[in-house]
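**Student:** sequence and computational prediction follow.
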Amino acid sequence: MQWLLKFAAGALLAVSTVVATSDGTASPRTANRRYIEERNGVHYNVFEHVATRSKLSFVKNSGICETTPGVNQYSGYLTVGENMNMWFWFFEARENPQKAPLVAYLDGGPGAASEYGLFTQIGPCHFVNNETTPSLNPYAFNNYANMLYIDQPIGVGFSYGNETTTEYENRDFGVVTESYGGHYLPEFTRYILEQNDAVIRGDLQGEEIRMVGVAIHNGWFDAAIQEKSNIEYMYNNSYRQIINESFHDELLDKYNTTVKPALDLCHTSGTNANCFAAYTSYSNTIEFPILAVFREKSSNGYYLGDIREPYSRPPSTHVEYLQRSDIQRAIGAKANYTDQAGEIGFYYSGDDARSFIPQLSDIVQAGIKVLIWTGDADYVSNWYGTLDVAHAVEWSGKDEFATKTLEPYTLNGVEKGTFKSVDNFTFMRIYEAGHNVPFYQPEASLQIFRQFMETGNVNPT
């Protein structure tokens, strides 16, 4: 997890003003270096940090995606290790960027590029009506916050490989993710909090990252809880019944006798072999049989991220767009764009079967604002399962949260979902939304995001 902290510090540096020395030469190796570098006709602003041995290289205001007058953007790379180059794309807030919070976005997958969320859900631009070039997104999250998109792991998106800045110091910092981000974001956040504690104790020299909020939509947190909920959801959801009662009972029996023991062994032993065996168990015993029935009951194709018929899903237009050489040149990309990569490694390590509720519990206990929100048409990480996850979080408000009823959440008087909150922890079910909530409910999503980052609460309007 150390690369994330190092990357966050370096990427924040990218949003400060970088200038070359007056004579165009680099300063001595014993000092940090700032200069302009030309490579293949592209001019990169470069900053080399001696202490961390990292190199930041980026272009400013490419004119791609964010075209709002006066709104700055930065895109480029930070080296985080030997032949490891992490790609970032930063967009200033459209409103008052000097005081707006800073929010990092990490996509799920596992192994999904953050450009997926950027172009299909919450970024400054999106593709509409089968257009091949993007247009401005009026519900972009950088309407309110300075947004930093990061491609990880290495090999996904544009990431590739085998002097102290203070501009964003002491700024509220939040992280947004989706789907498989329910695994790695709680771990990343806990690591940042541990490093903050080390700084406070004097065991580590550095600046605290003022982490204030974590939002995860349609998150995958705990297979033991969510695989069981998958059975319930496909039997009894508000859109259409996929499996009948007898098949429901059969799957539930197999879960209890076969899948749950395998998951328990994964959790107690923690070995890759046992966790991969657990992943194989629920894939073969639950997921594939449900998928077979779902396919039979879907007359015009199917999408697990939206069980409605007909379904809808985010377009993939951004993939071809980002693979264009002129676009890559403009934003300073040095590798071809890959929308999804590295997922096989996650599965073979058994990571899919592991529980990240302990890490989630730690950050709720630490007082960090946490929002779990889920589209109710999604099967992949359905709201039954994420609500059960929310009830399993260990913290002082656990009992009160479990007994609290879901209340309507409205946008300008129109009910968009239900929610419940206790202190710094909130759960939301969003109506008529699939796996990528902001794609389906963009206006409500922006309202939710803004309210959450401002106060930690969500309030009907």
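**Tutor:** Arrived safely, thanks for sending.
**Student:** following element in sequence after the host helix or strand of residue 191, please.
**Tutor:** Using DSSP states H and E, residue 191 sits in helix 181-201. Counting by DSSP H and E, the next helix or strand C-terminal to helix 181-201 is strand 211-217.
**Student:** could I get whatever helix or strand comes next after that following strand in PDB with only the CA atoms?
**Tutor:** Sequence-wise, the next helix or strand beyond strand 211-217 is helix 223-235, with elements assigned using DSSP H and E. What follows is helix 223-235, C-alpha atoms only, in PDB (Å, rounded to 0.1, in the frame of the first residue of the first chain):
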ATOM      1  CA  ALA A 223     -18.200 -12.700  -0.300                       C
ATOM      2  CA  ALA A 224     -19.600 -14.700   2.600                       C
ATOM      3  CA  ILE A 225     -22.300 -12.000   3.100                       C
ATOM      4  CA  GLN A 226     -22.900 -10.900  -0.500                       C
ATOM      5  CA  GLU A 227     -23.000 -14.400  -2.100                       C
ATOM      6  CA  LYS A 228     -25.800 -15.400   0.200                       C
ATOM      7  CA  SER A 229     -27.600 -12.100  -0.600                       C
ATOM      8  CA  ASN A 230     -27.200 -12.800  -4.300                       C
ATOM      9  CA  ILE A 231     -29.500 -15.800  -3.900                       C
ATOM     10  CA  GLU A 232     -32.100 -13.700  -2.100                       C
ATOM     11  CA  TYR A 233     -31.900 -10.800  -4.600                       C
ATOM     12  CA  MET A 234     -32.500 -13.000  -7.600                       C
ATOM     13  CA  TYR A 235     -35.500 -14.600  -5.900                       C
END
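**Student:** beta partners for the most centrally placed residue in the chain?
**Tutor:** What sits nearest the mean C-alpha location of the chain, by C-alpha atoms, centre = their mean, is residue 177, with 1.8 Å. Following DSSP bridges, residue 177 is listed with bridge partners residue 106, residue 216.
**Student:** is it true that it touches residue 218?
**Tutor:** No. Look at residue 177 against residue 218 with C-beta atoms under 8 Å: they stay out of range, at 9.9 Å. In short, each C-beta sits where N, CA and C put it, glycine included.
**Student:** for residue 396, report the pLDDT, please.
**Tutor:** Residue 396 is assigned 96 on the pLDDT scale.
**Student:** and it, how many neighbours does it have?
**Tutor:** Neighbour count of residue 396, defined by other C-beta atoms under 10 Å: 11.
**Student:** what sits against the closest residue to it other than its chain neighbours?
**Tutor:** Leaving out its chain neighbours, the residue that sits closest to residue 396 by C-beta to C-beta, 6 or more residues apart in numbering is residue 365, at 7.5 Å. Contact partners of residue 365, counting by C-beta atoms under 8 Å, 6 or more residues apart in numbering, are 394, 395, 396.
**Student:** so the first one is in which element?
**Tutor:** For residue 394, there is no host helix or strand (DSSP H and E).
**Student:** what about the residue lying closest to it once chain neighbours are set aside, distance to residue 373?
**Tutor:** The shortest distance from residue 394 to any non-neighbouring residue, by C-beta to C-beta, 6+ apart, is to residue 361 (4.3 Å). Distance of residue 361 to residue 373, computed by C-beta to C-beta, to the nearest Å: 18 Å.
**Student:** out of those two, which sits in the busier spot?
**Tutor:** Set residue 361 next to residue 373 and count neighbours by other C-beta under 10 Å: residue 373 wins out with 30 against 18.
**Student:** which ones are touching the closest residue to the more buried one other than its chain neighbours?
**Tutor:** Distances taken as C-beta to C-beta, 6+ apart put residue 428 closest to residue 373, at 3.8 Å, once the chain neighbours are dropped. Counting by C-beta under 8 Å, 6+ apart, residue 428 touches 371, 372, 373, 374, 409, 417, 418, 419, 448, 458.
**Student:** 7 Å instead?
**Tutor:** 373, 409, 417, 419, 448, 458 (C-beta atoms under 7 Å, 6 or more residues apart in numbering).
**Student:** so it sits in a strand?
**Tutor:** Yes. Under DSSP: H, G, I helix; E, B strand; the rest coil, residue 428 sits within a strand.
**Student:** tally of neighbours for residue 69?
**Tutor:** Residue 69 - counted by other C-beta under 10 Å - has 5 other residues nearby.
**Student:** try residue 423
**Tutor:** Residues near residue 423, counting by other C-beta under 10 Å: 16.
**Student:** hmm, it is touching residue 398, no?
**Tutor:** No. Between residue 423 and residue 398 there is no contact under C-beta atoms under 7 Å: 10.9 Å.
**Student:** sorry, back to before: now the residue nearest to residue 396: how far from residue 186?
**Tutor:** 12 Å.
**Student:** between the contacts of residue 428, which has the most around it?
**Tutor:** Going by other C-beta under 10 Å, residue 373 tops the contacts of residue 428 with 30 neighbours.
**Student:** and the gap between it and residue 281?
**Tutor:** Counting by C-beta to C-beta - residue 373 and residue 281 are separated by 29 Å.
**Student:** quick check: closest non-adjacent residue to residue 271.
**Tutor:** residue 350 (7.5 Å).
**Student:** is it fair to say residue 87 lies in a helix?
**Tutor:** No. Using three-state DSSP, the secondary structure at residue 87 is strand, not a helix.
**Student:** how distant is the host helix or strand of the residue nearest to residue 394 from the center of its chain?
**Tutor:** Per DSSP H and E: residue 361 is located in helix 357-365. Taking the mean of its C-alpha atoms, helix 357-365 sits 17 Å from the chain's own mean (C-alpha atoms, centre = their mean, to the nearest Å).
**Student:** just the CA trace of it, in CSV.
**Tutor:** The C-alpha coordinates for helix 357-365 follow below in CSV (Å, rounded to 0.1, in the frame of the first residue of the first chain):
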residue,chain,number,x,y,z
ILE,A,357,-15.3,-5.5,6.7
PRO,A,358,-12.6,-5.3,9.4
GLN,A,359,-10.8,-2.5,7.4
LEU,A,360,-14.2,-0.8,6.8
SER,A,361,-15.0,-1.1,10.5
ASP,A,362,-11.7,0.6,11.4
ILE,A,363,-12.3,3.6,9.2
VAL,A,364,-15.9,4.1,10.5
GLN,A,365,-14.5,3.7,14.1
